[in-house]
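In: Pasted the sequence and its predicted model underneath.
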Amino acid sequence: GENVEQHPSTLSVQEGDSAVIKCTYSDSASNYFPWYKQELGKRPQLIIDIRSNVGEKKDQRIAVTLNKTAKHFSLHITETQPEDSAVYFCAVSSNTGKLIFGQGTTLQVKP
Amino acid sequence: KAGVTQTPRYLIKTRGQQVTLSCSPISGHRSVSWYQQTPGQGLQFLFEYFSETQRNKGNFPGRFSGRQFSNSRSEMNVSTLELGDSALYLCASSLTGQGFSYEQYFGPGTRLTVT
């Protein structure tokens, strides 16, 4: 069945360093890959997404790369700031309203 | 535009009772998806409604059901509550259509505690 593996489960970086979170999926029909940020007690917020016809997408300090052959995609955050501290979730979808989520990564940015 | 809203925000029920949660999507969005979030299982898909029809369903027992009204507002119902149903229930709305995945925007969630 559909499965998404997300690593690492926790990540601690110094302010200003880069952070990378990777997700691997099993369904080759997956064609939509969003990333969500969830701060404590808040709703998940869509921060960036990519579709299968694109290999990379960037939005200021955030970028996502997709390798369809290997079935994995990654979130890259550069110049991390304390306000980037949160839980990050990757997800996949295939032409439906059903998102399959990874297990989440708790990112801690130390000042 | 106003965001996705959910009511109530917090709910305490006892085992065996039933509960109904409500979700109002962003104006113009016709798809509503429901998710259950727990520390152990993460975010799990419950079901999706589009034009008052259930279009997708996750792997949850029949005690979990939902519906959508003509104004796209959606409700989900859980009958015969169990302790393990304690969770944050999130709904998400999207424009959606056939054969394309649109961005989903989440509501603040309803925190359900079953005692």
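Out: Now that the structure is in, tell me what you want to look at. Numbering: from 1, shown residues only, chains lettered A, B, ... in the order given.
In: Got the confidence number for the nearest residue to residue B:18 once chain neighbours are set aside?
Out: Nearest residue to residue B:18, sequence neighbours excluded (C-beta to C-beta, 6 or more residues apart in numbering or on different chains): residue B:79, at 4.4 Å. (C-beta placed from N, C-alpha, C; glycine too.) With respect to pLDDT, residue B:79 has a value of 96.
In: which ones are touching residue B:79?
Out: The contact partners of residue B:79, taken as C-beta atoms under 8 Å, 6 or more residues apart in numbering or on different chains, are B:18, B:63, B:65.
In: Could you pick out the residues of chain B near chain A for me?
Out: Within reach of chain A by C-beta under 8 Å from any C-beta of the partner chain, chain B has these residues: B:31, B:33, B:35, B:42-45, B:48, B:50, B:55-56, B:58, B:90, B:92, B:94, B:96, B:99-109.
In: can you rerun that using 6 Å?
Out: Applying C-beta under 6 Å from any C-beta of the partner chain, we find that chain B lies next to chain A at B:31, B:33, B:42-43, B:45, B:48, B:56, B:96, B:99-101, B:103, B:106, B:108.
In: Which secondary structure elements does the lowest-mean-pLDDT helix or strand in chain B sit against?
Out: Lowest on mean pLDDT, DSSP states H and E among the helices and strands of chain B sits strand B:53-57, with a mean of 91. Applying 3 or more C-beta pairs under 6 Å, 6 or more residues apart in numbering or on different chains; DSSP states H and E, we find strand B:53-57 packed against strand B:42-50.
In: name the helices or strands packed onto the strand it packs on?
Out: Strand B:42-50 packs on strand B:31-38, strand B:53-57, strand B:64-68, going by 3+ C-beta pairs under 6 Å, 6+ apart.
In: Quick one: name the residues of chain A near chain B.
Out: Counting by C-beta under 6 Å from any C-beta, chain A sits next to chain B at A:32, A:43-44, A:46, A:93, A:95-98, A:101, A:103-104.
In: so which of the residues you listed is the most crowded?
Out: Counting neighbours by other C-beta atoms under 10 Å in any protein chain shown, the top entry in these is residue A:44, with 29 neighbours.
In: nearest residue to the residue nearest to the spatial centre of chain B other than its sequence neighbours?
Out: The residue lying closest to the centre of chain B (C-alpha atoms, centre = their mean) is residue B:34, at 3.0 Å. Nearest residue to residue B:34, sequence neighbours excluded (C-beta to C-beta, 6+ apart): residue B:46, at 4.1 Å.
In: what comes into contact with stretch B:28-41?
Out: With contacts defined as C-beta atoms under 6 Å, 6 or more residues apart in numbering or on different chains, stretch B:28-41 is touched by A:97, B:23, B:25, B:43-50, B:72, B:74, B:76, B:87-96.
In: shaky segments in chain A?
Out: Applying pLDDT under 70 to chain A picks out residues A:1.
In: was I right about residue A:80 contacting residue A:12?
Out: No. Assessed by C-beta atoms under 6 Å, residue A:80 is found out of contact with residue A:12, at 10.5 Å.
In: So between those two, which is more surrounded?
Out: Counted by other C-beta under 10 Å, residue A:80 and residue A:12 do not tie: residue A:80 has more neighbours, with 21 against 13.
In: Tell me who's in contact with that one.
Out: Residue A:80 is in contact with A:13, A:17, A:19, A:109, counting by C-beta under 6 Å, 6+ apart.
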